[in-house]
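Q: based on what follows, work out the 3D shape:
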Amino acid sequence: MNGKVRAGLILAVATFAFLGMASAQSGTDSSKKANGDASVSSPLPPVKYFPKKEVEATFNHERDSETLYDSDYGSKSYKVKASRRIKVMAAETHSVWTDVIYVTRGSATLVTGGKLAGKDETPATFPDGTPYLETKMAERIEGGESRRVSVGDVVVVPAGTPHWFTEIEGPFWFFNVKTR
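A: The predicted structure follows:
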(Lines give C-alpha, C1' and ligand atoms only; values in the text may rest on other atoms or scores of the structure.)
Protein backbone atom coordinates (compact mmCIF):
# COMPACT_ATOMS: atom_id res chain seq x y z
CA MET A 1 0.00 0.00 0.00
CA ASN A 2 1.56 3.30 -1.03
CA GLY A 3 1.94 6.21 1.39
CA LYS A 4 -0.89 8.32 -0.04
CA VAL A 5 -3.42 5.48 0.15
CA ARG A 6 -2.25 4.59 3.68
CA ALA A 7 -2.59 8.25 4.73
CA GLY A 8 -6.05 8.32 3.18
CA LEU A 9 -7.15 5.25 5.06
CA ILE A 10 -5.80 6.69 8.31
CA LEU A 11 -7.69 9.95 7.67
CA ALA A 12 -10.89 8.08 6.84
CA VAL A 13 -10.64 5.95 9.97
CA ALA A 14 -9.83 9.00 12.11
CA THR A 15 -12.78 10.90 10.63
CA PHE A 16 -14.99 7.85 11.18
CA ALA A 17 -13.90 7.59 14.83
CA PHE A 18 -14.24 11.33 15.44
CA LEU A 19 -17.74 11.43 13.96
CA GLY A 20 -18.75 8.45 16.06
CA MET A 21 -17.46 10.07 19.24
CA ALA A 22 -19.01 13.44 18.39
CA SER A 23 -22.29 11.76 17.60
CA ALA A 24 -22.25 9.83 20.86
CA GLN A 25 -21.47 13.00 22.82
CA SER A 26 -23.98 15.27 21.07
CA GLY A 27 -27.19 13.66 22.27
CA THR A 28 -28.63 13.34 25.74
CA ASP A 29 -26.48 10.85 27.62
CA SER A 30 -28.85 8.79 29.74
CA SER A 31 -25.85 7.19 31.43
CA LYS A 32 -25.03 10.40 33.32
CA LYS A 33 -26.26 10.67 36.84
CA ALA A 34 -28.84 13.36 37.61
CA ASN A 35 -26.12 15.58 39.12
CA GLY A 36 -24.15 15.58 35.81
CA ASP A 37 -21.54 13.00 36.86
CA ALA A 38 -20.30 11.26 33.71
CA SER A 39 -18.41 8.52 35.57
CA VAL A 40 -21.07 5.96 34.63
CA SER A 41 -21.18 5.36 30.89
CA SER A 42 -22.81 3.13 28.31
CA PRO A 43 -20.74 0.56 26.48
CA LEU A 44 -19.13 1.93 23.33
CA PRO A 45 -20.06 0.49 19.95
CA PRO A 46 -17.58 -2.09 18.64
CA VAL A 47 -14.62 -1.05 16.51
CA LYS A 48 -15.19 -1.84 12.83
CA TYR A 49 -12.33 -3.05 10.64
CA PHE A 50 -12.48 -3.20 6.85
CA PRO A 51 -9.60 -5.10 5.22
CA LYS A 52 -8.14 -3.74 1.98
CA LYS A 53 -9.77 -6.53 -0.06
CA GLU A 54 -13.25 -5.57 1.16
CA VAL A 55 -12.63 -1.84 0.61
CA GLU A 56 -11.38 -2.42 -2.95
CA ALA A 57 -14.34 -4.74 -3.67
CA THR A 58 -16.64 -1.92 -2.56
CA PHE A 59 -14.90 0.67 -4.77
CA ASN A 60 -15.09 -1.78 -7.70
CA HIS A 61 -18.84 -2.28 -7.16
CA GLU A 62 -18.36 -6.00 -6.47
CA ARG A 63 -20.75 -5.54 -3.52
CA ASP A 64 -24.40 -4.51 -3.56
CA SER A 65 -23.73 -1.10 -2.01
CA GLU A 66 -21.06 1.60 -1.70
CA THR A 67 -21.75 1.70 2.04
CA LEU A 68 -18.97 0.13 4.12
CA TYR A 69 -20.65 0.96 7.42
CA ASP A 70 -23.99 2.44 8.48
CA SER A 71 -24.08 3.27 12.20
CA ASP A 72 -26.52 1.08 14.07
CA TYR A 73 -27.02 2.98 17.30
CA GLY A 74 -28.72 6.20 18.28
CA SER A 75 -30.14 8.09 15.32
CA LYS A 76 -28.05 6.30 12.68
CA SER A 77 -26.01 9.47 12.63
CA TYR A 78 -23.27 8.52 10.13
CA LYS A 79 -22.30 6.09 7.41
CA VAL A 80 -19.03 5.38 5.60
CA LYS A 81 -19.08 4.85 1.85
CA ALA A 82 -16.40 3.83 -0.65
CA SER A 83 -17.66 5.71 -3.72
CA ARG A 84 -16.57 5.52 -7.35
CA ARG A 85 -17.32 7.61 -10.40
CA ILE A 86 -16.29 6.62 -13.93
CA LYS A 87 -18.69 9.02 -15.66
CA VAL A 88 -20.57 12.21 -14.81
CA MET A 89 -23.71 11.45 -12.83
CA ALA A 90 -26.54 13.64 -11.53
CA ALA A 91 -25.94 16.67 -9.34
CA GLU A 92 -27.41 16.30 -5.86
CA THR A 93 -28.23 17.95 -2.58
CA HIS A 94 -28.94 16.25 0.76
CA SER A 95 -31.36 17.80 3.23
CA VAL A 96 -29.89 15.97 6.24
CA TRP A 97 -26.45 14.52 5.43
CA THR A 98 -23.15 16.42 5.41
CA ASP A 99 -20.59 14.71 3.16
CA VAL A 100 -16.96 14.47 4.29
CA ILE A 101 -15.09 13.43 1.14
CA TYR A 102 -11.52 12.10 0.97
CA VAL A 103 -10.17 11.42 -2.53
CA THR A 104 -8.07 8.24 -2.87
CA ARG A 105 -7.73 7.76 -6.65
CA GLY A 106 -8.16 9.84 -9.80
CA SER A 107 -9.43 13.39 -10.03
CA ALA A 108 -12.57 15.34 -10.91
CA THR A 109 -14.00 18.82 -10.91
CA LEU A 110 -16.32 19.31 -7.94
CA VAL A 111 -19.01 21.94 -8.40
CA THR A 112 -20.58 23.14 -5.13
CA GLY A 113 -23.25 25.71 -4.37
CA GLY A 114 -25.48 27.28 -6.99
CA LYS A 115 -28.75 25.46 -7.60
CA LEU A 116 -29.91 22.17 -9.06
CA ALA A 117 -31.06 22.66 -12.66
CA GLY A 118 -32.36 20.73 -15.63
CA LYS A 119 -34.32 17.51 -15.58
CA ASP A 120 -35.23 16.13 -12.13
CA GLU A 121 -33.35 12.82 -11.82
CA THR A 122 -34.39 11.92 -8.26
CA PRO A 123 -35.44 8.27 -8.05
CA ALA A 124 -38.82 7.54 -6.45
CA THR A 125 -37.39 4.67 -4.37
CA PHE A 126 -34.18 2.84 -3.51
CA PRO A 127 -33.73 -0.59 -5.16
CA ASP A 128 -35.28 -2.19 -2.05
CA GLY A 129 -38.47 -0.11 -2.46
CA THR A 130 -37.75 2.35 0.38
CA PRO A 131 -38.86 5.89 -0.56
CA TYR A 132 -36.04 8.15 -1.77
CA LEU A 133 -36.78 11.23 0.31
CA GLU A 134 -33.62 12.88 1.66
CA THR A 135 -31.67 13.56 -1.54
CA LYS A 136 -32.77 15.59 -4.55
CA MET A 137 -31.01 15.07 -7.89
CA ALA A 138 -30.92 16.95 -11.21
CA GLU A 139 -28.92 16.79 -14.40
CA ARG A 140 -26.63 19.73 -13.51
CA ILE A 141 -25.89 22.73 -11.27
CA GLU A 142 -26.29 26.33 -12.39
CA GLY A 143 -23.83 28.71 -10.77
CA GLY A 144 -21.73 27.44 -7.92
CA GLU A 145 -17.97 27.18 -7.50
CA SER A 146 -15.79 24.69 -9.41
CA ARG A 147 -12.58 23.27 -8.01
CA ARG A 148 -10.34 20.42 -9.12
CA VAL A 149 -10.03 17.66 -6.50
CA SER A 150 -7.50 14.84 -6.56
CA VAL A 151 -5.75 12.25 -4.39
CA GLY A 152 -5.32 13.43 -0.81
CA ASP A 153 -7.90 16.24 -0.95
CA VAL A 154 -10.61 16.46 1.71
CA VAL A 155 -13.86 18.38 1.14
CA VAL A 156 -16.73 18.94 3.59
CA VAL A 157 -20.05 19.56 1.81
CA PRO A 158 -22.64 20.77 4.36
CA ALA A 159 -26.21 19.48 4.24
CA GLY A 160 -28.32 21.50 1.81
CA THR A 161 -25.39 22.35 -0.49
CA PRO A 162 -25.75 21.22 -4.11
CA HIS A 163 -22.72 19.27 -5.35
CA TRP A 164 -21.69 17.55 -8.57
CA PHE A 165 -18.59 15.77 -9.90
CA THR A 166 -17.71 16.62 -13.53
CA GLU A 167 -14.62 16.19 -15.76
CA ILE A 168 -13.80 12.83 -14.18
CA GLU A 169 -10.35 11.32 -14.69
CA GLY A 170 -10.38 7.94 -13.19
CA PRO A 171 -11.64 5.75 -12.00
CA PHE A 172 -12.32 8.41 -9.39
CA TRP A 173 -12.49 6.88 -5.89
CA PHE A 174 -13.37 8.68 -2.68
CA PHE A 175 -14.35 7.84 0.87
CA ASN A 176 -17.55 9.62 1.79
CA VAL A 177 -18.39 9.84 5.48
CA LYS A 178 -22.01 10.98 5.64
CA THR A 179 -22.95 12.52 8.96
CA ARG A 180 -26.04 14.21 10.41
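
Q: next, the buried residues of the lengthiest strand in the chain.
A: Taking DSSP state E as the criterion, the chain has its longest strand at strand 163-179. Buried residues in strand 163-179, counting neighbours by 16 or more other C-beta atoms under 10 Å, are found at 163-165, 168, 172-179. From N, CA and C alone the C-beta is placed, and that goes for glycine too.

Q: how long is stretch 151-170 end to end?
A: 11 Å (C-alpha to C-alpha, to the nearest Å).

Q: quick one: contacts of the host helix or strand of residue 54?
A: Assigned by DSSP states H and E, residue 54 belongs to helix 52-59. Helix 52-59 has contacts (C-beta atoms under 8 Å, 6 or more residues apart in numbering) with 1, 9, 63, 65-66, 68, 82-84, 105, 171, 173.

Q: switch to 10 Å and redo it
A: 1, 5, 9, 12, 50-51, 62-68, 80-84, 104-105, 171, 173-175 (C-beta atoms under 10 Å, 6 or more residues apart in numbering).

Q: just the buried residues of these.
A: Neighbour counting with 16+ other C-beta under 10 Å marks 5, 9, 12, 50, 68, 80-84, 104-105, 173-175 as buried within the contacts of helix 52-59.

Q: from these, pick the one nearest residue 150.
A: Checking the buried ones among the contacts of helix 52-59 against residue 150 by C-beta to C-beta gives residue 105 as the nearest, at 9.2 Å.

Q: was I right about the closest one contacting residue 153?
A: No - Residue 105 is not in contact with residue 153 according to C-beta atoms under 10 Å; the separation is 11.7 Å.

Q: would you map the helices across the protein?
A: 3-26, 52-59 (DSSP state H).

Q: which residue, other than its chain neighbours, is closest to residue 154?
A: residue 102 (5.1 Å; C-beta to C-beta, 6 or more residues apart in numbering).

Q: let me fix that: residue 179
A: residue 78 (4.3 Å).

Q: okay, that neighbour: pLDDT?
A: On pLDDT, residue 78 comes in at 87.

Q: residue 162 versus that one, what's the distance?
A: Remark: distance between residue 78 and residue 162 (C-beta to C-beta, to the nearest Å) = 21 Å.

Q: same question for residue 77.
A: The gap separating residue 77 from residue 162 is 23 Å, by C-beta to C-beta.
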